[in-house]
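Visitor: let me see the structure of the following:
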Amino acid sequence: MSTISTKVSVSGMTCGHCVSAVTEELEALAGVEEIDIDLKAGGITTVTITSTQQLSPSEIGEAVAEAGYLVVANEA
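Guide: Alright, predicted model coming up:
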């Protein structure tokens, strides 16, 4: 089965707890298989989501917001 890789930029993440919170919320989305987070404390963190189906920017944004952070850019 092919997977889709979606990258989003998230602001406000500063530590391992932030990574855990965002990972947990994103893993709850349907089809998500893997989350890879390149933490840039205090800057813009790149989050790569590997999923078996296309995720809408709004559902990714809502999941990140649920964890308490903000998606600042969304790249397909």
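
Visitor: my guess is A73 contacts S9. True?
Guide: Yes - A73 is within contact range of S9, at 4.1 Å (criterion: Cβ atoms under 8 Å). Yep, even glycine has a C-beta here, placed from its N, CA and C like the rest.

Visitor: which residues do these two both contact?
Guide: By Cβ atoms under 8 Å, 6 or more residues apart in numbering, A73 and S9 have these common neighbours: I44.

Visitor: who has more neighbours out of these two?
Guide: Taking neighbours as other Cβ atoms under 10 Å, A73 and S9 compare with S9 leading, 16 against 11.

Visitor: ok, what's across the strand from that one?
Guide: Beta-bridge partners for S9, by DSSP bridges, are T46, A73.

Visitor: make 32 the starting number, not 1.
Guide: I'll keep to 32 as the first residue from here, and by that count the last item is S40.

Visitor: correct me if wrong: it contacts G74.
Guide: No - S40 lies out of contact with G74 (Cβ under 8 Å); the separation is 9.6 Å.

Visitor: now do the contacts for the residue nearest to E58 when sequence neighbours are not counted.
Guide: Leaving aside its chain neighbours, E58 sits nearest to I66 (6.2 Å; criterion: Cβ to Cβ, 6 or more residues apart in numbering). Going by Cβ under 8 Å, 6+ apart, I66 touches 53-54, 57-58, 78-81.

Visitor: check the secondary structure at I66 for me.
Guide: Three-state call for I66 (DSSP: H, G, I helix; E, B strand; the rest coil): strand.

Visitor: render the CA-only coordinates of the longest helix seen in the chain in PDB, please.
Guide: When the chain is parsed with DSSP state H, its longest helix is helix 47-58. This file holds the C-alpha atoms of helix 47-58, laid out as PDB (Å, rounded to 0.1, in the frame of the first residue of the first chain):
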ATOM      1  CA  GLY A  47      10.000  16.800  24.100                       C
ATOM      2  CA  HIS A  48       6.600  17.200  25.800                       C
ATOM      3  CA  CYS A  49       5.400  19.300  22.800                       C
ATOM      4  CA  VAL A  50       6.600  16.600  20.400                       C
ATOM      5  CA  SER A  51       4.700  14.000  22.400                       C
ATOM      6  CA  ALA A  52       1.500  16.000  22.500                       C
ATOM      7  CA  VAL A  53       1.500  16.800  18.800                       C
ATOM      8  CA  THR A  54       2.400  13.200  17.900                       C
ATOM      9  CA  GLU A  55      -0.400  11.800  20.000                       C
ATOM     10  CA  GLU A  56      -3.000  14.100  18.400                       C
ATOM     11  CA  LEU A  57      -1.800  13.400  14.900                       C
ATOM     12  CA  GLU A  58      -1.600   9.600  15.400                       C
END
